[in-house]
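In: heads up, no residue letters with this:
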């Protein structure tokens, strides 16, 4: 990575992580594991005449244990201040042990990470009715950043999973759309680019299981979904490069589906979830276009 790109990325990351975590209005469980929780944020200035759309947020962090939902709570609060009801989902990530080859903590757990996203999405309607009574669940949008962008795309594609997948549903999720932010959306391309030090390979259980599990986990295999989808991508992103999003969009086109791809000039990986960045306002507008 060139020095100027590395410096830009470091500054953007520092800005995104400079905001203090924002506590939710309420936290609910969707399972017995400590990570099986959802934080709910009510709209900060609700309109009594118009119920608020629900935005489901899935955080990134390469599916690795050190990165939990707390880092994306300022973004969740940003959306709540924009009039959305927000559900910030936690899920099981990789064990806090070094991956083979010293690549840092291992990425994800198979099948636990996918079990949790499926369980959370299945539990959310009832939990949201209880804890976000002012939300309009008919206008639900799911968003996620980086690895969370992958999970958002996957969650919206469960109805096109292979027939033997335990997470498959018999109908599309009741979503207005997906807004995936710098998503790890095509595992084959991500591995060629060594995105997050081979995180997608680790998520699927290593090289020996990678190919056989792709059809169950890789959004580029799960098309078309029939659900409105927009990708938002910084053109100077050195964490998840633009080529990953473009490959997913190309795969969608080959499957006969149009996927929106919003490319932001002079924007890297982290401004998409940084309330202080102009890119974050663009993200909120993309969500609003699908939700409202």
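Out: Cool, the structure landed. Quick caveat: nothing in here was measured; it's all calculated off a predicted structure.

In: ranges for the strands of the stretch 1-150 of the chain?
Out: 26-29, 37-41, 52-58, 85-89, 135-145 (DSSP state E, counting those that start in this stretch).

In: you'd agree residue 115 is up against residue 151?
Out: No. Using Cβ atoms under 8 Å, residue 115 makes no contact with residue 151, being 12.0 Å away. (Each C-beta comes from the backbone N, C-alpha and C, glycine too.)

In: who's more crowded, the two?
Out: Using other Cβ atoms under 10 Å, the more surrounded residue of residue 115 and residue 151 is residue 151, with 31 against 18.

In: who are the contact partners of the residue lying closest to that one once chain neighbours are set aside?
Out: Setting aside the residues directly before and after it, residue 151 is nearest to residue 58 in space (Cβ to Cβ, 6 or more residues apart in numbering), at 4.6 Å. By Cβ atoms under 8 Å, 6 or more residues apart in numbering, the residues touching residue 58 are 89, 91, 117, 142, 143, 144, 145, 148, 149, 151, 152, 155.

In: with residue 109 instead?
Out: For residue 109, the contact set (Cβ under 8 Å, 6+ apart) comprises 92, 93, 94, 95.

In: what separation do you get for it and residue 18?
Out: Residue 109 sits at a distance of 30 Å from residue 18 (criterion: Cβ to Cβ, to the nearest Å).

In: likewise residue 87?
Out: 24 Å.

In: of those two, which one has the most company?
Out: Neighbours per residue, other Cβ under 10 Å: of residue 87 and residue 18, the larger number sits with residue 87, 27 against 10.

In: hmm, residue 140 is touching residue 156, no?
Out: No. Contact criterion Cβ under 8 Å: residue 140 and residue 156 do not qualify, at 10.6 Å.

In: helices along the stretch 51-200 of the chain, start to end?
Out: 73-81, 112-131, 147-155, 187-192, 199-203 (DSSP state H, counting those that start in this stretch).

In: any chance of those in a markdown table, plus mean pLDDT?
Out: A markdown table is the format used below for these (pLDDT from 0 to 100):
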| stretch | mean pLDDT |
| --- | --- |
| helix 73-81 | 98 |
| helix 112-131 | 98 |
| helix 147-155 | 98 |
| helix 187-192 | 98 |
| helix 199-203 | 97 |
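
In: out of the ones you listed, which is closest to residue 268?
Out: helix 147-155 (14.6 Å; Cβ to Cβ).

In: where does the stretch 101-250 of the chain dip in pLDDT?
Out: For the stretch 101-250 of the chain, the stretches with pLDDT under 70 are 101-104.

In: mind checking which of the strands of the stretch 1-150 of the chain is nearest residue 11?
Out: Per Cβ to Cβ, nearest to residue 11 of those: strand 135-145, 17.9 Å.

In: for the residue nearest to residue 204 when sequence neighbours are not counted, give its distance to residue 223.
Out: Excluding the flanking residues, the one nearest residue 204 by Cβ to Cβ, 6+ apart is residue 213, at 4.3 Å. Note on residue 213: its distance to residue 223, by Cβ to Cβ, is 17 Å.

In: comparing these two, which residue is more hemmed in?
Out: residue 223 (20 against 17).

In: test my guess that residue 132 contacts residue 46.
Out: No. Using Cβ under 8 Å, residue 132 makes no contact with residue 46, being 10.2 Å away.

In: who has more neighbours, those two?
Out: Using other Cβ under 10 Å, the more surrounded residue of residue 132 and residue 46 is residue 132, with 23 against 15.

In: distance from the centroid: which residue in the chain tops it?
Out: Largest separation from the mean C-alpha position in the chain: residue 49, at 30.1 Å (Cα atoms, centre = their mean).

In: so which bits of stretch 165-173 are buried?
Out: Residues 165, 167, 173 are the ones in stretch 165-173 that count as buried (16 or more other Cβ atoms under 10 Å).

In: dump the residue contacts of the closest residue to the last one other than its chain neighbours.
Out: When you say that, I think you mean residue 173. Closest residue in space to residue 173, ignoring its immediate chain neighbours: residue 156 at 5.6 Å, by Cβ to Cβ, 6+ apart. By Cβ under 8 Å, 6+ apart, the residues touching residue 156 are 142, 172, 173, 175, 178, 225, 227, 229.
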